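Visitor: here is a sequence together with a model predicted from it:
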Amino acid sequence: MLIAGNWKMFKGPSDAAAFCRDLRDADLPDGVDVVVCPPYVSLADAVQVLAGTEIGVFAQNCHWAEDGAFTGEVSAGMLRELGVYGTIVGHSERRQYFGETDETVAKRTEAALAAGLHVIACVGETEAEREAGETETVIRRQVSVLDADESLVVAYEPVWAIGTGKTATPQIAQDAHALIKSLIDVPVLYGGSVKPDNAAELMGQPAVDGALVGGASLDVESFAAICTAART
Ligand code: 13P
């Protein structure tokens with residue numbers, strides 16, 4: 001099981017350091033891999049505070065070039081130099097608001113893996129796509145640009161469940177995960193309004209290998225509770 005906390009654009013360096021100190025001291029279960037994904041500016045503090053622990057630090061995105069004229073972007077090599085262990089790629093907020101496409105997601109994933117980072121690549125349909133009966137087509141298209149790799153994990157995040165409090169039913173998650181696993185042989189995380197009170201049921205589905213948690217990962221107590229729920 002892997003539980004990753006995607007902080008999105010929350011927690012600058014001092015808040016991140018304080019959170020990581022509390023997380024370091026929290027009672028986290030054995031057998032569950034725990035990862036936090038702070039904003040770029042807070043990565044160094046998170047890495048420093050969590051050094052020597054089992055808790056990994058991931059970025060939220062990563063460019064495909066080693067360096068170059070790409071204002072606002074950060075490369076895999078730069079993240080590695082900071083001691084960052086992996087990165088999220090292709091989050092739906094990147095796809096929705098920042099023009100990320102399947103093609104750029106593929107390039108970012110490939111470059112990050114080649115540079116030695118672990119990758120959580122996100123896929124998932126919008127509400128309109130689900131209502132139009134296009135869920136399977138969308139997932140197949142998004143997954144088709146990814147190649148299995150021992151450092152790759154896919155996160156299924158239905159866009160209609162992100163930040164809405166509208167969690168996918170365990171059956172919806174199971175069906176989507178089973179589809180993804182039939183296309184690519186990697187662990188699959190569920191993301192979308194995962195909370196302490198729904199985590200155990202979601203994590204109990206056979207094709208669910210962990211969670212990518214947004215809002216509920218911003219509080220140490222609820223994040224630790226989700227990690228604990230993942231073990232049971
Ligand atoms: P929420 O848990 O806030 O719905 O966010 C999910 C998500 O987007 C994680 O990447």
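Guide: Here it is on my side, so go on.
Visitor: pull out the buried positions in stretch 107-114.
Guide: Of all the residues in stretch 107-114, those buried under the rule 16 or more other C-beta atoms under 10 Å are K107, R108, T109, E110, A111, A112, L113. For the C-beta atoms, the positions are set from N, CA and C on the backbone; glycine is no exception.
Visitor: my error: substitute stretch 152-167 in the last question.
Guide: L152, V153, V154, A155, Y156, E157, P158, V159, W160, A161, I162, T167.
Visitor: equivalent analysis for stretch 191-203, please.
Guide: Neighbour-count burial for stretch 191-203 [16+ other C-beta under 10 Å]: G191, G192, S193, V194, K195, P196, N198, A199, L202, M203.
Visitor: can you give me how far it is from the chain middle?
Guide: 14 Å (C-alpha atoms, centre = their mean, to the nearest Å).
Visitor: with only the CA atoms kept, save it in PDB.
Guide: Provided in PDB are the C-alpha atoms of stretch 191-203 (Å, rounded to 0.1, in the frame of the first residue of the first chain):
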ATOM      1  CA  GLY A 191      -7.700   9.700  -5.600                       C
ATOM      2  CA  GLY A 192     -10.700  11.900  -5.100                       C
ATOM      3  CA  SER A 193     -12.100  12.900  -1.700                       C
ATOM      4  CA  VAL A 194     -10.300  10.200   0.300                       C
ATOM      5  CA  LYS A 195     -11.000  10.800   4.000                       C
ATOM      6  CA  PRO A 196     -10.300   8.900   7.200                       C
ATOM      7  CA  ASP A 197     -13.900   7.500   7.200                       C
ATOM      8  CA  ASN A 198     -13.900   6.100   3.600                       C
ATOM      9  CA  ALA A 199     -10.300   5.100   3.200                       C
ATOM     10  CA  ALA A 200     -10.600   1.600   4.700                       C
ATOM     11  CA  GLU A 201     -13.400   0.600   2.400                       C
ATOM     12  CA  LEU A 202     -11.700   2.000  -0.700                       C
ATOM     13  CA  MET A 203      -8.400   0.400   0.200                       C
END
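Visitor: near the ligand at all, it?
Guide: Yes. Stretch 191-203 lies within reach of the ligand by C-beta under 6 Å from any ligand atom, at G191, G192, S193, V194.
Visitor: without its sequence neighbours, what residue ends up closest to the residue of the chain found nearest the ligand?
Guide: Relative to the ligand, the nearest point of the chain is G214 (2.2 Å; C-beta to the nearest ligand atom). Among residues not flanking G214 along the chain, N6 sits closest, at 5.3 Å (C-beta to C-beta, 6 or more residues apart in numbering).
Visitor: quick one, strands of this structure?
Guide: Ranges of strands within the chain are 2-6, 33-37, 56-59, 86-89, 118-123, 152-156, 188-191, 210-213, based on DSSP state E.
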